[in-house]
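Colleague: Have a look at this fold, sequence not included:
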């Protein structure tokens with residue numbers, strides 16, 4: 001008897017490309033690119049390469065906006081798995097490479113105290 005899969009193991013086995021090809025590619029391909037989005041060159045294995053677009057996709061999936069009403073839809077579990085796989089990848093890369101932002105000027109405490 002097979003042991004229950006952990007969420008991490010289930011997420012690894014999830015085939016995002018098959019889901020995207022079946023439910024998303026018709027509207028979000030190079031030919032139509034509805035909403036200004038083409039998924040033909042989108043790298044599902046490395047969505048962090050286009051993190052801003054990936055965040056938009058995740059928000060639309062989580063809000064239930066995609067696929068739109070009237071279109072064939074995957075199950076809720078499949079949509080959750082797709083969103084989770086994208087989020088997990090973004091989070092993993094962000095944790096490995098934190099970026100605090102650009103600091104144009106940095107003053108030491110000593111310098112601040114001298115100018116007072």
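Modeller: Here it is on my side, so go on. Please read these numbers as outputs of a predicted model, since none were measured by experiment.
Colleague: Packing partners of the helix or strand containing residue 82?
Modeller: Assessed by DSSP states H and E, residue 82 sits inside helix 76-96. Packing contacts for helix 76-96, counted by 3 or more Cβ pairs under 8 Å, 6 or more residues apart in numbering; DSSP states H and E, involve helix 7-13, helix 16-23, helix 51-62. Backbone N, C-alpha and C define where each C-beta goes, glycine included.
Colleague: Among the ones you listed, which comes closest to residue 77?
Modeller: Nearest to residue 77, of all the helices and strands packed on helix 76-96, is helix 7-13, at 9.6 Å by Cβ to Cβ.
Colleague: for the record, mean pLDDT for the closest one?
Modeller: Taken as a whole, helix 7-13 has an average pLDDT of 48.
Colleague: ok, back up a step: now do the helix holding residue 82, average pLDDT.
Modeller: pLDDT averaged over helix 76-96 gives 92.
Colleague: got the buried residues for it?
Modeller: By 16 or more other Cβ atoms under 10 Å, the buried positions in helix 76-96 come out as 78-79, 81-87, 89-90.
Colleague: what distance separates that helix from the centre of its chain?
Modeller: 6 Å (Cα atoms, centre = their mean, to the nearest Å).
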